[in-house]
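In: Requesting a structural model of the entry that follows:
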Amino acid sequence: MSRPRPVVFLDRDGTIIADMHYIARPEEVALIPGVAPAIRRLNQAGWAVVVITNQSGIARGKLTEADYEQVRARLDALLDEQGALIDRSYHCPHHPDVGGPCDCRKPGTKLHLLALRDLALDRRRTVCVGDRWRDVKPAFALEGRGILVPGPESPPDEVERAQRELATASSLGVAVDRILGAS
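Out: Predicted coordinates for the structure are as follows:
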């Protein structure tokens, strides 16, 4: 029997694509420079790449599930054009102000645990990467590593906290260098 694959949990908006705030149209998808080669390197090294994204715009009525799926498909197509693959995407369509709290909204780990089970991944080798504290905080509960990649929407206090408690990297490519260097 083969060994379960390690996994990198990536945030979507602000980490893989430019954060357009409630992106609802596929033509608005813009890859952040350098992400496709970074994801391709993870793919080539045998790491699963799973997107975990909060999509509160669905609960707020700013986009529909169909809009989300069209945007997800466009992201997958853009990455595929550059030889990169996201193994699976999971999203939380909720917001605590609309319908109350849920277990799947990051920093909750319900979607991470679902991915570990669905794809038979190695829980001992997990890394959470994103541009906000809520993206990397699940690393504690998962007993993995967290790397914050600051972007324009990253609050300075969250960056400082990640520097103290987890790690930061200047780009997804640099984060992948660290991930692959430590595996």
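
In: So in the chain, which helix runs the longest?
Out: As assigned by DSSP state H, the longest helix anywhere in the chain is helix 65-81.

In: buried stuff in that one?
Out: Neighbour-count burial for helix 65-81, with 16 or more other C-beta atoms under 10 Å as criterion, is recorded at 67, 68, 70, 71, 72, 74, 75, 76, 78, 79. Bear in mind the C-beta positions are built from the backbone N, C-alpha and C, glycine included.

In: Could you identify the most distant pair in these?
Out: 67 and 79 (19.1 Å; C-beta to C-beta).

In: so which of the buried residues of helix 65-81 comes closest to residue 161?
Out: Using C-beta to C-beta, the buried residues of helix 65-81 come closest to residue 161 at residue 75, 28.1 Å.

In: thinking again about what came up before, Serialize the buried residues of helix 65-81 to TSV and add fields for pLDDT and distance to residue 181.
Out: What follows is these, written out as TSV (pLDDT from 0 to 100; distance: C-beta to C-beta, whole Å):
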residue	pLDDT	distance to residue 181
67	98	38
68	98	34
70	98	36
71	98	32
72	98	30
74	98	32
75	98	27
76	98	27
78	98	27
79	98	23
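
In: With distance to residue 18 added, can I get those in TSV?
Out: Compiled in TSV, those are given as follows (distance: C-beta to C-beta, whole Å):
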residue	distance to residue 18
67	17
68	16
70	17
71	12
72	15
74	13
75	11
76	16
78	12
79	14
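
In: same for the next helix or strand after the longest helix of the chain, what does it pack against?
Out: Helices and strands here follow DSSP states H and E; after helix 65-81, the next one along the chain is strand 88-92. Contact partners of strand 88-92 among helices and strands, from 3 or more C-beta pairs under 8 Å, 6 or more residues apart in numbering; DSSP states H and E: strand 48-54, helix 65-81, helix 110-118.
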